[in-house]
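**Student:** pasting the structure only:
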């Protein structure tokens, strides 16, 4: 069974050059990481600045949502969600829910990193 939603967690400090254009929207990830703010594209194929993006052209996602996972003011990672069947899937209300979940995730990631350093 194939689901129309894809979820990717991109590790912090991963050079964008190591990301594949076929698997990741590098420009969008770079923007989210640099600006420390989420981006919702209701219709990726017509979104200004992204309609000619290689990833968008190759993979044809309908809706995209990318947000930084921030802990202690630092980007710990980037969460990327996409839907290949419907436009407008990711709404501001869903962003708020995911923001709450990502706050909890950032706490868990920070604790895991601290634990790993002590081991």
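**Tutor:** In hand now; what should we look at? Keep in mind the model is a prediction, meaning the values are calculated, not measured. Numbering: from 1, shown residues only.

**Student:** For the chain, just list every one of the helices.
**Tutor:** Using DSSP state H, the helices assigned to the chain run over residues 26-35, 54-59, 92-118.

**Student:** Just the buried positions in the shortest one, please.
**Tutor:** Within helix 54-59, the residues that count as buried by 16 or more other CB atoms under 10 Å are 55-56, 59. (Glycine included, C-beta is placed from N, CA and C.)

**Student:** got it, and stretch 102-111?
**Tutor:** In stretch 102-111, the ones that count as buried by 16+ other CB under 10 Å are 102, 105-106, 109.

**Student:** Tell me which residues are up against that stretch.
**Tutor:** The contact list for stretch 102-111 (CB atoms under 8 Å, 6 or more residues apart in numbering) reads 67, 69-72, 76-77, 79.

**Student:** Among these, name the ones in strands.
**Tutor:** 67, 69-71, 76-77, 79 (DSSP state E).
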